[in-house]
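Participant: All I have is the shape, not the residue letters:
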(Lines give C-alpha, C1' and ligand atoms only; values in the text may rest on other atoms or scores of the structure.)
Protein backbone atom coordinates (compact mmCIF):
# COMPACT_ATOMS: atom_id res chain seq x y z
CA UNK A 1 0.00 0.00 0.00
CA UNK A 2 1.31 3.44 -0.91
CA UNK A 3 1.41 5.79 2.06
CA UNK A 4 0.01 9.28 1.59
CA UNK A 5 2.61 11.51 3.29
CA UNK A 6 3.03 15.27 3.21
CA UNK A 7 6.45 16.70 4.11
CA UNK A 8 6.97 20.00 5.95
CA UNK A 9 10.02 21.93 7.08
CA UNK A 10 12.01 20.67 10.09
CA UNK A 11 11.38 17.03 9.18
CA UNK A 12 7.74 17.25 10.20
CA UNK A 13 5.64 14.78 8.25
CA UNK A 14 1.93 14.08 8.09
CA UNK A 15 0.58 10.68 7.18
CA UNK A 16 -3.03 10.49 6.01
CA UNK A 17 -4.27 7.01 6.85
CA UNK A 18 -6.68 5.23 4.53
CA UNK A 19 -10.14 5.48 6.06
CA UNK A 20 -12.44 2.53 5.34
CA UNK A 21 -16.00 3.84 5.73
CA UNK A 22 -19.23 1.91 5.69
CA UNK A 23 -22.69 2.24 7.21
CA UNK A 24 -21.34 1.27 10.67
CA UNK A 25 -18.68 3.98 10.78
CA UNK A 26 -15.04 3.53 9.78
CA UNK A 27 -11.89 1.62 10.55
CA UNK A 28 -8.31 2.63 9.81
CA UNK A 29 -4.76 1.72 10.72
CA UNK A 30 -2.68 4.31 12.55
CA UNK A 31 0.44 2.17 13.02
CA UNK A 32 1.96 -0.66 11.07
CA UNK A 33 5.41 -2.02 11.74
CA UNK A 34 6.05 -2.17 7.99
CA UNK A 35 5.36 1.54 7.34
CA UNK A 36 9.08 2.19 7.02
CA UNK A 37 8.50 5.15 4.72
CA UNK A 38 6.94 7.02 7.61
CA UNK A 39 8.28 5.58 10.86
CA UNK A 40 11.74 4.59 9.57
CA UNK A 41 14.06 3.89 12.50
CA UNK A 42 11.75 5.76 14.88
CA UNK A 43 9.14 3.09 15.44
CA UNK A 44 6.97 3.64 18.51
CA UNK A 45 7.86 2.00 21.80
CA UNK A 46 5.18 3.65 23.92
CA UNK A 47 1.62 4.83 23.23
CA UNK A 48 -0.10 7.52 25.30
CA UNK A 49 -3.45 9.27 25.23
CA UNK A 50 -4.21 12.76 26.44
CA UNK A 51 -7.26 14.94 26.88
CA UNK A 52 -6.95 18.72 26.77
CA UNK A 53 -9.74 21.13 27.52
CA UNK A 54 -10.61 23.95 25.11
CA UNK A 55 -7.95 26.64 24.99
CA UNK A 56 -5.31 24.58 26.83
CA UNK A 57 -1.76 25.14 25.59
CA UNK A 58 0.85 22.46 26.21
CA UNK A 59 4.07 24.18 25.20
CA UNK A 60 6.94 24.51 24.68
CA UNK A 61 9.11 21.46 25.18
CA UNK A 62 11.75 19.45 23.37
CA UNK A 63 13.71 16.24 23.77
CA UNK A 64 17.49 15.75 23.76
CA UNK A 65 17.69 11.96 23.26
CA UNK A 66 16.37 11.60 19.70
CA UNK A 67 12.74 11.22 20.68
CA UNK A 68 10.18 11.46 17.91
CA UNK A 69 6.51 12.14 18.68
CA UNK A 70 3.58 10.99 16.52
CA UNK A 71 0.28 12.76 17.25
CA UNK A 72 -3.19 11.66 16.15
CA UNK A 73 -6.12 13.82 17.26
CA UNK A 74 -9.12 11.53 17.65
CA UNK A 75 -11.67 14.03 18.93
CA UNK A 76 -11.80 17.80 18.82
CA UNK A 77 -9.22 20.00 17.12
CA UNK A 78 -5.67 20.91 17.93
CA UNK A 79 -2.98 23.24 16.63
CA UNK A 80 0.43 21.56 16.65
CA UNK A 81 3.49 23.80 16.32
CA UNK A 82 7.17 23.04 15.83
CA UNK A 83 9.93 25.65 15.98
CA UNK A 84 13.70 25.69 15.46
CA UNK A 85 15.47 28.25 17.64
CA UNK A 86 18.97 26.82 17.18
CA UNK A 87 21.00 29.70 15.74
CA UNK A 88 23.57 27.20 14.38
CA UNK A 89 20.92 25.36 12.40
CA UNK A 90 20.21 25.80 8.67
CA UNK A 91 16.52 25.92 9.58
CA UNK A 92 16.85 28.50 12.35
CA UNK A 93 13.61 30.47 12.75
CA UNK A 94 11.42 28.03 10.82
CA UNK A 95 7.98 27.38 12.25
CA UNK A 96 5.56 24.65 11.25
CA UNK A 97 1.90 24.91 12.22
CA UNK A 98 -0.58 22.10 11.57
CA UNK A 99 -4.25 21.95 12.46
CA UNK A 100 -5.37 18.40 13.21
CA UNK A 101 -8.75 17.12 14.19
CA UNK A 102 -11.37 14.45 14.15
CA UNK A 103 -12.66 15.56 10.74
CA UNK A 104 -9.25 15.18 9.12
CA UNK A 105 -7.56 12.15 10.66
CA UNK A 106 -3.81 12.32 10.29
CA UNK A 107 -0.63 11.25 12.06
CA UNK A 108 1.80 14.12 12.63
CA UNK A 109 5.47 13.19 13.03
CA UNK A 110 7.44 15.70 15.10
CA UNK A 111 11.22 15.41 15.52
CA UNK A 112 11.59 15.97 19.25
CA UNK A 113 14.79 18.00 19.09
CA UNK A 114 12.75 21.06 18.02
CA UNK A 115 10.58 23.06 20.39
CA UNK A 116 7.00 21.91 19.99
CA UNK A 117 3.63 22.28 21.58
CA UNK A 118 -0.11 22.10 21.13
CA UNK A 119 -3.23 24.13 21.71
CA UNK A 120 -6.75 22.73 21.77
CA UNK A 121 -8.90 24.89 19.54
CA UNK A 122 -12.67 25.00 19.32
CA UNK A 123 -15.27 24.52 22.02
CA UNK A 124 -14.73 20.89 22.94
CA UNK A 125 -11.86 18.98 24.55
CA UNK A 126 -9.36 17.28 22.30
CA UNK A 127 -8.38 13.64 22.70
CA UNK A 128 -4.99 12.77 21.27
CA UNK A 129 -3.27 9.45 21.00
CA UNK A 130 0.46 9.83 20.61
CA UNK A 131 3.25 7.40 20.03
CA UNK A 132 6.83 7.98 21.08
CA UNK A 133 9.85 6.07 19.90
CA UNK A 134 11.60 6.18 23.29
CA UNK A 135 10.19 4.92 26.54
CA UNK A 136 9.51 7.62 29.12
CA UNK A 137 12.09 7.39 31.91
CA UNK A 138 10.40 8.49 35.13
CA UNK A 139 13.70 9.02 37.03
CA UNK A 140 15.31 11.05 34.24
CA UNK A 141 12.71 12.38 31.78
CA UNK A 142 13.93 13.47 28.37
CA UNK A 143 12.13 16.77 28.39
CA UNK A 144 13.25 20.38 28.47
CA UNK A 145 10.56 23.01 28.96
CA UNK A 146 10.05 26.73 28.50
CA UNK A 147 6.88 28.75 29.03
CA UNK A 148 4.12 28.67 26.41
CA UNK A 149 4.63 32.40 25.82
CA UNK A 150 8.44 32.39 25.86
CA UNK A 151 9.62 35.41 23.83
CA UNK A 152 12.41 33.39 22.18
CA UNK A 153 9.85 31.62 19.98
CA UNK A 154 9.47 34.07 17.12
CA UNK A 155 6.72 33.77 14.53
CA UNK A 156 8.53 34.23 11.18
CA UNK A 157 5.38 35.75 9.66
CA UNK A 158 5.06 38.56 12.19
CA UNK A 159 8.66 38.72 13.51
CA UNK A 160 7.09 38.87 16.97
CA UNK A 161 6.84 36.31 19.80
CA UNK A 162 4.56 33.48 18.79
CA UNK A 163 0.89 34.08 19.61
CA UNK A 164 -1.08 30.85 20.06
CA UNK A 165 -4.31 32.75 19.41
CA UNK A 166 -3.38 33.73 15.84
CA UNK A 167 -5.21 31.72 13.24
CA UNK A 168 -3.20 30.67 10.19
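Facilitator: That came through, no problem. These numbers were taken from a predicted model, which means no experiment stands behind them.

Participant: Torsion angles phi and psi at residue 5?
Facilitator: Here is the backbone geometry of residue 5 (degrees, to the nearest 10): phi -120, psi 140.

Participant: roughly how far apart are it and residue 142?
Facilitator: Distance of residue 5 to residue 142, computed by CB to CB, to the nearest Å: 26 Å. Every C-beta, even on glycine, is put in place using the N, C-alpha and C of the backbone.

Participant: And for residue 59?
Facilitator: 17 Å.

Participant: Between the two, point out the one with more neighbours.
Facilitator: Between residue 59 and residue 142, residue 59 has the larger neighbour count (other CB atoms under 10 Å), namely 22 against 17.

Participant: shouldn't the more buried one be in contact with residue 81?
Facilitator: Yes. Contact criterion CB atoms under 8 Å: residue 59 and residue 81 qualify, at 7.0 Å.

Participant: okay, and the common contacts of the two?
Facilitator: 116, 117, 118, 119, 164 (CB atoms under 8 Å, 6 or more residues apart in numbering).

Participant: Spatially nearest residue to residue 91 (excluding sequence neighbours)?
Facilitator: Sequence neighbours aside, residue 84 is the residue nearest to residue 91 in space, at 4.7 Å (criterion: CB to CB, 6 or more residues apart in numbering).

Participant: what's the burial count for residue 30?
Facilitator: Other residues within reach of residue 30, judged by other CB under 10 Å, total 16.

Participant: got a list of what it touches?
Facilitator: Contacts of residue 30 by CB under 8 Å, 6+ apart are 17, 72, 107, 129.

Participant: If we use 6 Å, what do you get?
Facilitator: 17, 72, 107 (CB atoms under 6 Å, 6 or more residues apart in numbering).

Participant: From these, pick the one nearest residue 9.
Facilitator: The closest of the contacts of residue 30 to residue 9 turns out to be residue 107 (CB to CB; 17.8 Å).

Participant: mind checking how far the closest one is from residue 160?
Facilitator: For residue 107 relative to residue 160 (CB to CB), the value is 31 Å.

Participant: before we move on, what about residue 109?
Facilitator: Taken as CB to CB, the span from residue 109 to residue 160 is 28 Å.

Participant: Same check on residue 73?
Facilitator: 27 Å.

Participant: List the contacts of stretch 80-95.
Facilitator: So stretch 80-95 is in contact with 9-10, 12, 71, 96-98, 108, 110, 114-118, 152-153, 156, going by CB under 6 Å, 6+ apart.

Participant: So which of those belong to strands?
Facilitator: Those of those mapping onto strands are 71, 96, 97, 98, 108, 110, 115, 116, 117, 118, per DSSP state E.

Participant: What about the residues you listed, which one has the most neighbours?
Facilitator: residue 110 (27 neighbours).
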